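A.B. asks: quick one: sequence plus predicted model below, questions after.
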Amino acid sequence: MNICMDLHTHTVSCGHGYSTLKENIEAAIGAGLLFLGLSEHGPSILGGPNPWFFGNYRCIPRQYGTLRLLCGTEANIMDYEGRLDLEERLLEKMDYVIASMHVACVTPGSRRENTMASIRAMQNPYVKILGHPDDSRYPLDYEELVRAAREAQVVLELNNASLNPQSARQGGRENIRTLLNTCAKYGAPVLLGSDSHICYTIGQFGPALEMIKEADFPEELILNDKPERIGQLVNIDI
Ligand SMILES: [Zn+2]
Ligand SMILES: [Zn+2]
């Protein structure tokens, strides 16, 4: 598989990342990517960027040789209604939007509550990707989630960082196995994301690729090697 995109990355701007945007761009070029996504955390994360950060993306050039930079956010799901921590007027200006649940922003609820929070966030017209739906702290009904993702045309993320044994998220391996099996059952696409907080992990998906192999997951449902399908992941014309 010829991986050409990594749309889940962070920089020093989020307060807990260690590389600059320039370093990330250089790493993406080094990894042979065609698309790099800057998905900075929404403002509700402690030390995260303020809303002006997202309103100022217009000043960032998007093309670096063969690499196209996409400027978006990993917005925080704030409640079981699936509300995000960035206003629509900012979301609409971004190239793409990931929505995710983080313990700093939304208290884990019941399986039903977490599933409804995710589904409602996916119904937000700007959301293209649901980030790391793989955390046992937020149990999910995968059948319902995958069906809703298909309906909303939102792509579910296979988060490589969730497979790091030191990840704060729990049960990554088992949950990703269930996620992959359910996506295969319904023909729902997935997107591998590195969730990089340092440039050295950009475009690196070793453990995620192993899981795909183990699960015998259909290659046609993986978007990372299909640049022609980038339109499905962004809110702009490319
Ligand atoms: Zn982070
Ligand atoms: Zn996240």
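C.D. replies: All right, it came through fine. Ligands and ions are numbered 1, 2, ... in the order given.
A.B. asks: C-alpha only now, for contacts and for neighbours.
C.D. replies: Will do.
A.B. asks: and I98, which of the three is it?
C.D. replies: When classified by DSSP: H, G, I helix; E, B strand; the rest coil, I98 comes out as strand.
A.B. asks: that one pairs with what?
C.D. replies: When assigned by DSSP bridges, I98 has beta-bridge partners E74, I129.
A.B. asks: could you report the separation of the most centrally placed residue in the chain from N56?
C.D. replies: Among the residues of the chain, G131 comes closest to the average C-alpha position under CA atoms, centre = their mean, at 4.0 Å. Distance of G131 to N56, computed by CA to CA, to the nearest Å: 23 Å.
A.B. asks: one step back: I'd say the residue nearest to the centre of the chain and A161 touch.
C.D. replies: No - G131 lies out of contact with A161 (CA atoms under 8 Å); the separation is 11.1 Å.
A.B. asks: and the lengthiest helix in the chain, which residues are buried?
C.D. replies: Looking across the chain with DSSP state H, the single longest helix is helix 172-186. Buried residues in helix 172-186, defined by neighbour count with 16 or more other CA atoms under 10 Å: G172, R173, N175, I176, R177, T178, L179, L180, N181, T182, C183, A184.
A.B. asks: please apply the same query to stretch 28-43.
C.D. replies: In terms of neighbour count (16+ other CA under 10 Å), stretch 28-43 has its buried residues at 28-29, 31-43.
A.B. asks: can you tell me which of those residues end up in helices?
C.D. replies: A28, I29.
A.B. asks: what's around the residue nearest to M94 when sequence neighbours are not counted, how many residues?
C.D. replies: Nearest residue to M94, sequence neighbours excluded (CA to CA, 6 or more residues apart in numbering): G72, at 5.1 Å. Close neighbours of G72, defined as other CA atoms under 10 Å, add up to 28.
A.B. asks: isn't G72 right next to E40, touching?
C.D. replies: Yes - the criterion here is CA under 8 Å, and G72 meets it with E40 at 6.8 Å.
A.B. asks: neighbours of P125, how many?
C.D. replies: Neighbours of P125 using other CA under 10 Å come to 15.
A.B. asks: in three-state terms, label it for me.
C.D. replies: Using three-state DSSP, the structure places P125 in coil.
A.B. asks: what does it show for phi and psi?
C.D. replies: phi -60, psi -20 (degrees, to the nearest 10).
A.B. asks: what's the spacing between it and H102?
C.D. replies: Distance from P125 to H102, by CA to CA: 21 Å.
A.B. asks: from L91, how far out is the spatially most distant residue from the centre of the chain?
C.D. replies: Most distant from the centre of the chain: G65, at 24.2 Å, with distances by CA atoms, centre = their mean. Distance of G65 to L91, computed by CA to CA: 27 Å.
A.B. asks: same thing with L233?
C.D. replies: The gap separating L233 from L91 is 14 Å, by CA to CA.
A.B. asks: can you give me phi and psi for the nearest residue to N50 once chain neighbours are set aside?
C.D. replies: Leaving aside its chain neighbours, N50 sits nearest to P43 (5.3 Å; criterion: CA to CA, 6+ apart). Dihedral pair for P43: phi -70, psi -10, per degrees, to the nearest 10.
A.B. asks: ok, P43 touching L84?
C.D. replies: No - applying CA under 8 Å as the test, P43 and L84 come out as separate, 10.1 Å apart.
A.B. asks: ok, the residue lying closest to S100 once chain neighbours are set aside - contacts?
C.D. replies: What sits nearest to S100 in space, not counting adjacent residues and going by CA to CA, 6+ apart, is G131, at 4.7 Å. Contacts for G131 were tallied using CA atoms under 8 Å, 6 or more residues apart in numbering; they are E74, I98, A99, S100, M101, L156, E157, L158, N159.
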